[in-house]
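Novice: Model the structure of this input:
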Amino acid sequence: METFKYSFFAKIIYRYGNIIATVMLSIHLISSIYYITEKIIFIIPAAINAAIIFYLNKYFFKTYKLFPFEITVTNDKMICKDFFLSRKNIEIDFKNIDKLSGGIFSGYPTRPIYIHDKSSNTTIGFYSHVGNFQKLLTRILQNIPEKLYNELMKNVQRKKPTR
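Specialist: Okay, the predicted model is just below:
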């Protein structure tokens with residue numbers, strides 16, 4: 001049994017980063033709205049700021065819901081806990097995983113990886129910043145169904161950049 005956690009700094013960024021960004025963007029949004037009465041052109045930065053605030057917070061709320069900050073892996077399952085503002089624990093049996101997407105499986109290694117459990121219709125995700133990411137990914141790939149593993153490896157080979 002191994003436990004994988006995010007570093008303190010990564011945990012702070014993924015949990016509270018949107019608050020700082022939202023405050024700064026809101027100040028700019030408020031000033032843009034104020035100056036719309038002076039010049040109508042200020043509607044452009046106001047609209048852009050509003051859109052950025054909306055999509056930034058939408059992304060972070062998705063992170064709060066789907067991303068555990070502690071993942072324990074045994075030979076047959078993953079136990080995910082430490083979700084933001086939640087005490088829920090999600091257990092995913094490796095044999096029930098029917099989909100891995102994102103990250104290296106989508107051709108973008110810096111994006112998060114999502115795991116879907118078909119039996120409980122649950123999706124969890126994790127970033128490459130989780131401690132010992134390569135080891136965690138290796139443990140997952142070693143234990144998922146062979147058919148899914150072969151399919152993933154074919155997709156990774158197709159998306160690999162050629163030199």
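Novice: What lies in contact with stretch 24-32?
Specialist: For stretch 24-32, contacts defined as C-beta atoms under 8 Å, 6 or more residues apart in numbering pick out Phe42, Ile43, Pro45, Ala46, Asn49, Ala50, Ile52, Ile53, Leu56. (C-beta placed from N, C-alpha, C; glycine too.)
Novice: now it: mean pLDDT?
Specialist: Computed over stretch 24-32, the mean pLDDT rounds to 94.
Novice: so who does the residue nearest to the spatial centre of the chain touch?
Specialist: With distances taken as C-alpha atoms, centre = their mean, the residue of the chain nearest its centroid is Pro112 (4.5 Å). Pro112 is in contact with Phe67, Gly102, Gly103, Gly125, Phe126, Tyr127, Ser128, counting by C-beta under 8 Å, 6+ apart.
Novice: ok, and the most crowded of those residues?
Specialist: Neighbour counts for these (other C-beta atoms under 10 Å) peak at Phe126, which has 25 neighbours.
Novice: Bridged to it, which residues?
Specialist: Ile113 (DSSP bridges).
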